[in-house]
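Engineer: Got a sequence here, can you build the structure:
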Amino acid sequence: MTVYTFDGTLDGLMTAVFDSFELHEQPEKLLTKGDALPLFCDHVHEVITDEEKAKRVWTGLEKRLTCQALRIISVSWLSELPEVVQPLFNYVCKTFRQPQGAASIALNYADPDVLAVTRIGWKVSHEQLRMKQFIRFQKAKDGTYLAVIGPDHNVLPLVIGHFRDRFNDQPWLIYDAKRHYGFYYDGTGMPQQITFEDEASVPFNLYDGKLNPDLLSSDDQLFQDLWRTYFKAICIKERLNPRKQLKEIPLRYWKYLTENKKR
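Structural biologist: Next up, the predicted model:
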């Protein structure tokens with residue numbers, strides 16, 4: 001059995017594809033460094049991530065796949081699921097090995113690797129849509145709007161463009177508390193990725209995203225109270241359907257919703 005190990009990055013995976021063709025071999029396993037090797041492993045090849053090799057592989061994919069298929073590959077990787085590595089590697093390799101003029105492998109859902117990558121991509125895309133719906137901003141005294149999230153998948157890069165277009169005249173910060181990074185937009189240019197050197201001193205609660213009371217704008221506190229009052233007023237107890245509510249808004253999002261927070 002031939003096994004490849006890589007650094008766990010997308011560039012590393014693309015480099016593994018390049019090495020596979022350069023060495024004229026198809027490894028049975030692609031593992032992240034540190035993973036336990038399978039029994040009866042005959043050969044282990046350590047993939048050294050090379051941006052130039054990765055770029056050449058991606059350029060080749062652009063020539064063979066549609067924009068939608070390329071997006072599925074990128075989005076599935078943002079799932080951060082360990083089970084996406086092997087099928088994604090196989091999918092990319094099969095794309096280059098299929099005969100010229102053959103139908104796009106991206107539409108062959110009978111292929112288990114294509115199906116697995118596509119399903120994971122759909123899951124990430126679905127959570128991306130939920131983030132656009134359920135992100136709640138709070139206004140700080142300095143005029144900056146803050147939103148804290150903690151999604152299952154790394155969807156923050158997928159939603160930044162939406163908020164830049166929608167709120168392009170005001171400064172905001174969207175922070176992923178689960179992955180310890182965020183994007184800050186100052187009202188001009190492009191959003192910049194940021195991290196906090198010391199998260200113990202951040203001006204908001206990392207668990208529920210609540211901004212420190214002494215930093216919260218008085219206007220925003222009023223709007224939050226009005227929103228909670230409206231939310232309670234339109235609730236019809238006789239029509240409550242907890243099962244439906246959990247299906248539409250999973251429990252993991254509730255702690256970040258303004259309407260679900262106590263003052």
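
Engineer: where exactly do the strands run in the stretch 101-250 of the chain?
Structural biologist: Counting by DSSP state E, counting those that start in this stretch, one finds strands in the stretch 101-250 of the chain at the ranges 138-139, 145-149, 172-176, 181-185, 192-194.

Engineer: Quick one: closest of these to V117.
Structural biologist: strand 172-176 (23.3 Å; C-beta to C-beta). (Each C-beta comes from the backbone N, C-alpha and C, glycine too.)

Engineer: That closest one: partners in the sheet, and parallel or antiparallel?
Structural biologist: strand 145-149 (parallel), strand 181-185 (antiparallel) (DSSP bridges).

Engineer: wait, doesn't T258 sit right on T229?
Structural biologist: No - judged on C-beta atoms under 8 Å, T258 makes no contact with T229 at a distance of 11.6 Å.

Engineer: Which residue of the two possesses the greater neighbour count?
Structural biologist: T258 (17 against 11; other C-beta atoms under 10 Å).

Engineer: which non-adjacent residue is nearest that one?
Structural biologist: Leaving aside its chain neighbours, T258 sits nearest to R136 (4.6 Å; criterion: C-beta to C-beta, 6 or more residues apart in numbering).

Engineer: Could you pull out the helices in the protein for me?
Structural biologist: For the chain, helices defined by DSSP state H occupy the ranges 10-22, 51-64, 67-77, 85-97, 112-134, 156-166, 218-233, 242-248, 251-254.

Engineer: got TSV for the strands of the stretch 101-250 of the chain, with mean neighbour count, distance to R71 and mean pLDDT too?
Structural biologist: Shown next, in TSV, are the strands of the stretch 101-250 of the chain (neighbours: other C-beta atoms under 10 Å; distance: least, C-beta to C-beta, whole Å; pLDDT from 0 to 100):
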stretch	mean neighbour count	distance to R71	mean pLDDT
strand 138-139	22	32	92
strand 145-149	22	21	93
strand 172-176	21	21	96
strand 181-185	19	20	96
strand 192-194	11	21	95
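
Engineer: between the ones you listed, which gets nearest to Y4?
Structural biologist: Closest among the strands of the stretch 101-250 of the chain, using C-beta to C-beta: strand 181-185, at 28.5 Å.

Engineer: Contacts for that closest one, please.
Structural biologist: 156, 160, 163-164, 167-168, 171-176, 191-195 (C-beta atoms under 8 Å, 6 or more residues apart in numbering).

Engineer: Please tabulate the strands of the stretch 101-250 of the chain in CSV and include distance to A110 as additional columns.
Structural biologist: Listed next are the strands of the stretch 101-250 of the chain as CSV, based on distance: least, C-beta to C-beta, whole Å:
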stretch, distance to A110
strand 138-139, 48
strand 145-149, 36
strand 172-176, 36
strand 181-185, 39
strand 192-194, 39
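
Engineer: Could you work out which of those reaches nearest to L211?
Structural biologist: Short answer: strand 138-139, nearest of the strands of the stretch 101-250 of the chain by C-beta to C-beta, at 4.6 Å.
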